[in-house]
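In: dropping the sequence and predicted coords here.
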Amino acid sequence: MPRTAVEDNERMSLRIAAAAKSKLLRAASLRNTDLTNFVTQSALREAEAVIAEAETVKASERDYLRILDLLENPPKPNAKLRAAIKALPESL
């Protein structure tokens, strides 16, 4: 059964195959750093790339121009939009 993450804990345990650990140790040695720093920095680089990819909206040039056009010339509100606006709480 997986353990729950403890946010204030600065430790993380991993179980990996001996061959994988050897490869990581060799790479860390070639970078003149320790295993913890090597794994942490590598994982953080990957995490940043994953987050950036997830938070970036990619659009073709055609779609980009359409978005700009809609922002500059928005369509008139239709019945569904007017109904949604009426359903909003007054506090907004």
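Out: Cool, got the structure.

In: so L25 versus I16, what's the distance?
Out: Counting by Cβ to Cβ, to the nearest Å, the gap from L25 to I16 is 11 Å. Bear in mind the C-beta positions are built from the backbone N, C-alpha and C, glycine included.

In: so those two - more neighbours on which side?
Out: More crowded of L25 and I16, by other Cβ atoms under 10 Å: L25, with 14 against 11.

In: tell me who's in contact with the residue lying farthest from the centre of the chain.
Out: Ranked by distance from the centre of the chain (Cα atoms, centre = their mean), the top residue is A79, with 36.2 Å. Applying Cβ atoms under 8 Å, 6 or more residues apart in numbering to A79 gives no contacts.

In: start at 581, not 1
Out: Taking 581 as the first residue, the last one we looked at is A659.

In: ranges for the strands of the protein?
Out: Counting by DSSP state E, one finds no strands in the chain.

In: and P655, backbone torsions?
Out: Per-residue torsions, P655: phi -70, psi 160 (degrees, to the nearest 10).

In: burial count for it?
Out: By the measure other Cβ under 10 Å, the count of residues near P655 is 7.

In: how close does R611 sit to N617?
Out: Here the criterion is Cβ to Cβ. By it, R611 lies 9 Å from N617.

In: where does N589 land on pLDDT?
Out: On pLDDT, N589 comes in at 74.

In: before we move on, what about T620?
Out: Per-residue pLDDT puts T620 at 96.

In: any idea how far it is from E670?
Out: Distance of T620 to E670, computed by Cβ to Cβ: 49 Å.

In: and for L604?
Out: Per Cβ to Cβ, L604 is found 58 Å from E670.

In: and R662, by the same measure?
Out: For R662, the distance to E670 (Cβ to Cβ) stands at 16 Å.

In: next: A663.
Out: The value you get for A663 to E670, if Cβ to Cβ is used, is 16 Å.

In: and for L615?
Out: To E670, L615 is 58 Å away according to Cβ to Cβ.
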